[in-house]
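Student: Give me the fold of what follows.
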Amino acid sequence: MDRMMEAIGLTRSGGFYITNILFWRPPGNRTPTLAEQAMCLAFTRRHIELAKPKLLVLAGGVAAKAVLDTTDGIMRLRGKMGELSPQRRHRASHHATFHPAYLLRTPASKRQSWQDLLAIDKKLKELGAR
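Tutor: Sure, this is the predicted structure:
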């Protein structure tokens, strides 16, 4: 993820922040269950409130589904800008993209991911965050 963000000029020391939906790796690196996600989601939302990002980059289906409270998969969600719903304490734009681990398994999707990164860079500039 660091290298992806560096490709558009973002670094952790320069305002790029990572948090997770789940704060441990599930056994066998399986997809976290909905119950596991629910245990951690309040902490993730609090991270978002404290960091006050202008743009959330949701990497992968688990993150996108949990934060956006949807059942749509990453193939349907990626590549689209949106805004967190108004009932959240902190309003922020969001953009879903593929998880870096998926890109390692599916290199053919890197082109779509690069398009997402360019869109993220453009949106950050529009928001005055760059």
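Student: So for the protein, the centremost residue is which one?
Tutor: Nearest residue to the geometric centre of the chain (C-alpha atoms, centre = their mean): Leu58, 1.4 Å.
Student: how far away is that residue from Gly79?
Tutor: Per C-beta to C-beta, to the nearest Å, Leu58 is found 12 Å from Gly79. To be clear about C-beta, it is placed using only N, CA and C from the backbone, and glycine gets the same treatment.
Student: got any residues that touch both of the two?
Tutor: His95, Ala96, Thr97 (C-beta atoms under 8 Å, 6 or more residues apart in numbering).
Student: so what's Leu34 up against?
Tutor: Leu34 neighbours (C-beta under 8 Å, 6+ apart): none.
Student: Need the nearest residue in space to Tyr97, chain neighbours excluded.
Tutor: Careful, residue 97 is Thr; it's not Tyr. In this structure, Thr97 finds its nearest non-sequential neighbour in Asp116, 3.9 Å apart by C-beta to C-beta, 6 or more residues apart in numbering.
Student: Please list the residues outside the host helix or strand of the one you found that contact it.
Tutor: Assigned by DSSP states H and E, Asp116 belongs to helix 110-126. By C-beta under 8 Å, 6+ apart, the list of residues contacting helix 110-126 from outside reads 4-5, 7-10, 54-55, 57, 78-79, 81, 93, 95, 97-98, 103, 130.
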